[in-house]
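J.: Any chance you could fold what I've pasted below:
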Amino acid sequence: GGDGGSGSAAPGRAQLFSTVVDTFLEKLVAAGSYQRFANCYRSFCKLQPELTKSIHNQFVSQLQESIKAEIQEVMEEGNLEVVLNSLDKIVEEAKSQEEPAWRPSGIPAEDARSSLVPYLLKHRAYLLRALRNKEEENKKVAESVLAGRGRISELQQQIQAHKRAWQ
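T.: Here you go, the predicted structure:
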């Protein structure tokens with residue numbers, strides 16, 4: 001088992017898990033009582049009652065140790081104590097939130113839309129700014145082109161005037 005470590009009113013999930021495992025083992029030992037074991041091996045029990053009792057005790061002891069070792073291995077592989085403590089922290093932090101946590105509606109399209117809309121609105125605003133900038137650039141270029149055409153027209157008129165004057 002593990003210690004809770006903290007002096008909080010409610011035990012943490014890691015401590016509860018340890019308590020559940022211990023309770024399970026107690027109930028397993030109770031279910032595998034010597035009386036049930038002896039009923040399965042009546043003839044052997046009548047001939048060797050002490051040996052039967054010893055075998056039962058060894059069986060129960062080895063079963064408990066094997067289960068404890070397996071559970072400990074699962075806890076270490078999954079980093080279960082850290083994960084359960086982290087879950088405790090998340091639950092504590094969630095208690096202070098005033099609004100309920102987001103839950104999926106069951107309609108994937110709506111759920112995806114709710115998470116995509118803020119991104120799409122930001123992207124739309126970005127694109128509108130880029131469009132305004134390009135329109136302004138185009139306006140300046142168009143004014144420049146018109147000014148250039150005006151200058152070309154003036155130059156053509158001057159050329160025509162010089163040409164007529166020369167002829």
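J.: Tally up the residues packed near Asn85, please.
T.: 16 (other CB atoms under 10 Å). From N, CA and C alone the C-beta is placed, and that goes for glycine too.
J.: next one: Tyr41
T.: Using other CB under 10 Å, Tyr41 has 14 other residues around it.
J.: With adjacent residues omitted, what lies nearest to it?
T.: Thr52 (6.3 Å; CB to CB, 6 or more residues apart in numbering).
J.: The one you found contacts Phe44, doesn't it?
T.: Yes. With contact defined as CB atoms under 8 Å, Thr52 counts as touching Phe44 (5.9 Å).
J.: quick one: the helices in the protein?
T.: 13-31, 34-40, 42-47, 49-77, 80-95, 108-166 (DSSP state H).
J.: Let me have those helices in a markdown table, adding distance to Ala101 and mean pLDDT as columns.
T.: Formatted as a markdown table, the helices of the chain follow (distance: least, CB to CB, whole Å; pLDDT from 0 to 100):
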| stretch | distance to Ala101 | mean pLDDT |
| --- | --- | --- |
| helix 13-31 | 18 | 89 |
| helix 34-40 | 48 | 87 |
| helix 42-47 | 58 | 88 |
| helix 49-77 | 28 | 91 |
| helix 80-95 | 6 | 87 |
| helix 108-166 | 14 | 93 |
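J.: out of Thr52 and Phe44, which sits in the busier spot?
T.: Just comparing Thr52 and Phe44: by other CB under 10 Å the higher neighbour count belongs to Thr52, 18 against 13.
J.: separation between that one and Leu116?
T.: 69 Å (CB to CB, to the nearest Å).
J.: Could you do Val21 as well?
T.: Counting by CB to CB, the gap from Val21 to Leu116 is 44 Å.
J.: which ones are touching the residue nearest to Tyr41?
T.: Neighbouring residues of Thr52 by CB atoms under 8 Å, 6 or more residues apart in numbering: Phe37, Ala38, Tyr41, Phe44, Cys45.
J.: residues of stretch 42-61 that come out buried?
T.: Buried residues in stretch 42-61, counted by 16 or more other CB atoms under 10 Å: Cys45, Thr52, His56, Val60.
J.: Restricting the selection to alpha carbons, write that stretch to CSV.
T.: Only the C-alpha atoms of stretch 42-61 are listed here, as CSV (Å, rounded to 0.1, in the frame of the first residue of the first chain):
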residue,chain,number,x,y,z
ARG,A,42,-11.4,-34.0,1.3
SER,A,43,-9.6,-37.3,1.0
PHE,A,44,-6.2,-35.6,1.1
CYS,A,45,-7.3,-33.4,4.0
LYS,A,46,-8.4,-36.5,6.0
LEU,A,47,-5.1,-38.2,5.5
GLN,A,48,-2.8,-35.2,6.0
PRO,A,49,-4.7,-32.3,7.8
GLU,A,50,-1.6,-30.4,8.8
LEU,A,51,0.0,-30.7,5.4
THR,A,52,-3.2,-29.6,3.8
LYS,A,53,-3.3,-26.5,6.1
SER,A,54,0.3,-25.8,5.2
ILE,A,55,-0.3,-26.1,1.5
HIS,A,56,-3.3,-23.8,1.8
ASN,A,57,-1.3,-21.2,3.7
GLN,A,58,1.5,-21.3,1.2
PHE,A,59,-1.0,-21.0,-1.7
VAL,A,60,-2.8,-18.0,-0.2
SER,A,61,0.5,-16.3,0.7
